[in-house]
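[1] Quick one: sequence and predicted model below, then my questions.
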2 protein chains.
Amino acid sequence: MNIDKDLVAASAAPLVLAILREEESYGYAILKRVEELSGGELQWTDGMLYPVLHRLERAGYVEASWGRSEAGRRRKYYRLTGGGAKRLEVQQRQWRVVDRTLRAVGFPAALRWRAKEAWA
Amino acid sequence: MNIDKDLVAASAAPLVLAILREEESYGYAILKRVEELSGGELQWTDGMLYPVLHRLERAGYVEASWGRSEAGRRRKYYRLTGGGAKRLEVQQRQWRVVDRTLRAVGFPAALRWRAKEAWA
DNA sequence: TTCGATACCTAGAGCCTCAATGCATCAAGA
DNA sequence: TCTTGATGCATTGAGGCTCTAGGTATCGAA
């Protein structure tokens, strides 16, 4: 599904931070994780993700370090910092406020997220 | 509550369209309605709303016409068009996809919206 | 007459996404 | 051996958006 630019912009940072809260990860894997989490509906391009990661790093919400895959490819691993965790909580609160407001004016609630197998 | 720029950008058009789906309205009243719907958490400035309304009009999602209040002040009334209604449905679907994805990665569900009197 | 609420609008700074492009490695298959 | 697809990181330029700050004007009440 095509998602509006603004909505992508609003959800990119929170989604990345929340993914890194699960465990540290790297660009390409984050891309795949987003696709998986959304049941294939969200498909980010790498060209939009890397600037987001760099911005989060500049802001101190994530830290990066170079590593390697088992196969030998270089990877840049990102970890959530303490500040990033706090930031994520703020974003969650903000998201809730907006989501509640939209529901109040007739936006339908999200359907329950079906188990992953439902798409397999 | 302060809401991030990107989240405001993402929610502004859907919220305005949804408000106009209730009934036709004008700038100042929309501002008040947003505050009311959000329980006071969202406080838009007029400087951000008017450009949004103009953009929606250019896009054909709303139509405008001048009127007057009982007291005689001039008002520009906006109505949702057929295209705007369709657009709103698309935005609702998009919002749901993103919201579900965020929940899948640990975002808390919105608390049930309490009755308006709860804030009075 | 002055102030707060009502009511509209715009300009410029600054920020962001997106598409396109580039570089490089690895595994698999022709 | 060579090519292709997946993996992996990054930047640039065009275009679009919000936000702050400002401007104009009317009405009712103090």
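    Structure's in. What do you need?

[2] Spell out which parts of chain A neighbour DNA strand C.
    In this structure, chain A approaches DNA strand C at residues A:3, A:5, A:8-9, A:12, A:44-48, A:51-52, A:55, A:71-73, judged by CB under 7 Å from any atom of the strand. Placement of C-beta: from N, CA and C, glycine included.

[3] filter these down to the ones near chain B?
    Among those, the ones lying near chain B by CB under 8 Å from any CB of the partner chain are A:3, A:9.

[4] And the furthest pair within the residues of chain A next to DNA strand C?
    Comparing all pairs in the residues of chain A next to DNA strand C by CB to CB, the longest separation belongs to A:Lys5 and A:Gly72, at 36.6 Å.

[5] The two: which is more packed in?
    A:Lys5 (12 against 6; other CB atoms under 10 Å in any protein chain shown).

[6] What about A:Val97, how many residues nearby?
    Other residues within reach of A:Val97, judged by other CB under 10 Å, total 19.

[7] cool, and A:Lys86?
    By the criterion of other CB under 10 Å, A:Lys86 has 11 neighbours.

[8] Look up how far DNA strand C lies from it.
    Shown here: A:Lys86 relative to DNA strand C, a distance of 18 Å by CB to the nearest atom of the strand, to the nearest Å.

[9] Tell me if the helix or strand containing A:Ala29 is near DNA strand D.
    Using DSSP states H and E, A:Ala29 sits within helix A:27-37. Yes - interface with DNA strand D: helix A:27-37 contributes A:27-29, A:32 (CB under 7 Å from any atom of the strand).
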